[in-house]
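A.B. asks: Sequence below, structure please.
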Amino acid sequence: MKISTRLIIALIISWAIYSAVDYVTVKNWNNNESLIISVIDAGSEHEIPPAYEGEADLDEVYPMTEQEITFLPVSDFDDKSEHKIKIVRLIGSGVDVKAGSRYLLVWDMFDDGTVQYSIADKFRVPSVIFFIVVVCLVLIAMTGRRGILALAGLIFSIGILIFAMIPLITKGWRPVPLAMASVFIISTVTIFFVVKHARYRLVALLGSLSGVTGGFIVASVVVYFWQLTGLAGEGSALLASTLPELNMTGIFLAAILVGAIGAVLDVGISITASMSELVDYDSDIPLDRLLTAGLNVGNEVLGSMINTLILAYIGSSLPMAVLISNAGVNFAGLLNDPYVGQEIVQSIAGTLGLLFTIPATAFFFVIQEGIRRRGEQ
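C.D. replies: Residues are numbered from 1 along each chain as shown. Prediction:
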């Protein structure tokens, strides 16, 4: 079957799944908490005065806007009539309401019987599912069996984290041993699905685990001497206040392990695949030449992977970086900030993990290839 035909089939299946998810989601929506609406017309926004007299004298008054919209209920199958209401929101918050889109409408009822409406968010559940399905099916259409195996490994990895590691951490299990076990399982399954030559899967596993372990050890030492608590950032502080019995430093170290294994696996598998192709091409290639080739491939990959890793960390923390910059913090204060310290440690762990993975994988490959050749003599 041609790739173009596969892509057309993938789009048709994705659209069918989108329609099914949309129908099921809307039909089973809890209308007591929010209402899915389709906006027909949206008027212009205008700022409104304080809600009650004397509020303007308060130290902190949050300016609000009011907007009139006309909508049709989507999740209320018993009501198909048009409604016209006024919604409010804080200036600079929420989403801009546009005609032709669907949103989540929420309301607050006050003691005097008045009702205040606002838009919680855009209704995007079917679109999210559609986007994920399209990407997965296009990957399968383009790569075939290899794409299916790669997706299977990814789904398994996400399942291990969401349904095993995270729930056990919330129950009080130690985060670092859990993360180590999860990383080992994820690495094993991913390599099993991705590495083509079965006899070299152990090489990729040992090289990747050696790299991530080396980076983690260095990161743990840095965390200890820098006395990082893992509490920097709103999410960590909120988690610590909600579940104070959790070890936040341990969770931060677990995050370092999980965050580094993806890039490390990428390098370990790439080196293994490259060296195995060399052996397939020339089964008698000298081992020292094979080792040099593996290290050279690793060094080539290292530059781009470090760039990818560091930029990923910077991109994820960009809002906080802008906030720190806006506060006018000097360079010394910036380096001493615990949030910046945590990001630096994660970057160091990932970078060193990649650095350690290259020689480890090449070394294990040469050892195994040497053993195999001696066994054939």
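
A.B. asks: for residue 153, what are its contacts?
C.D. replies: 189, 190, 192, 193, 194 (C-beta atoms under 8 Å, 6 or more residues apart in numbering). Every residue, glycine included, has its C-beta placed from N, CA and C.

A.B. asks: Quick one: those residues as TSV, columns for pLDDT, distance to residue 247 and neighbour count too.
C.D. replies: TSV is the format used below for the contacts of residue 153 (pLDDT from 0 to 100; distance: C-beta to C-beta, whole Å; neighbours: other C-beta atoms under 10 Å):
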residue	pLDDT	distance to residue 247	neighbour count
189	93	27	16
190	92	27	26
192	91	32	16
193	88	33	17
194	87	33	19
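
A.B. asks: and which of these is nearest residue 292?
C.D. replies: residue 194 (24.7 Å; C-beta to C-beta).

A.B. asks: Using the three-state scheme, assign the spatially closest residue to that closest one that is not a sequence neighbour.
C.D. replies: In space, and not counting its chain neighbours, residue 194 is closest to residue 269: 5.8 Å by C-beta to C-beta, 6 or more residues apart in numbering. The three-state assignment at residue 269 reads helix, by DSSP: H, G, I helix; E, B strand; the rest coil.

A.B. asks: same deal with residue 85?
C.D. replies: Here residue 85 is strand, with the state taken from three-state DSSP.

A.B. asks: pretty sure it is in contact with residue 117, am I right?
C.D. replies: Yes. The criterion here is C-beta atoms under 8 Å, and residue 85 meets it with residue 117 at 5.1 Å.

A.B. asks: These two: which has the busier surroundings?
C.D. replies: A side-by-side neighbour count of residue 85 and residue 117, using other C-beta atoms under 10 Å, places residue 117 first with 18 against 15.

A.B. asks: so which helix or strand takes in the more buried one?
C.D. replies: In this structure, residue 117 is located in strand 115-122 according to DSSP states H and E.

A.B. asks: repeat for residue 70
C.D. replies: Secondary structure from DSSP H and E places residue 70 in strand 64-73.

A.B. asks: Quick check: which element contains residue 105?
C.D. replies: strand 102-109.

A.B. asks: Name the strands paired with that strand and say parallel or antiparallel.
C.D. replies: In the sheet, strand 102-109 lines up against strand 35-42 (antiparallel), strand 115-122 (antiparallel) (DSSP bridges).
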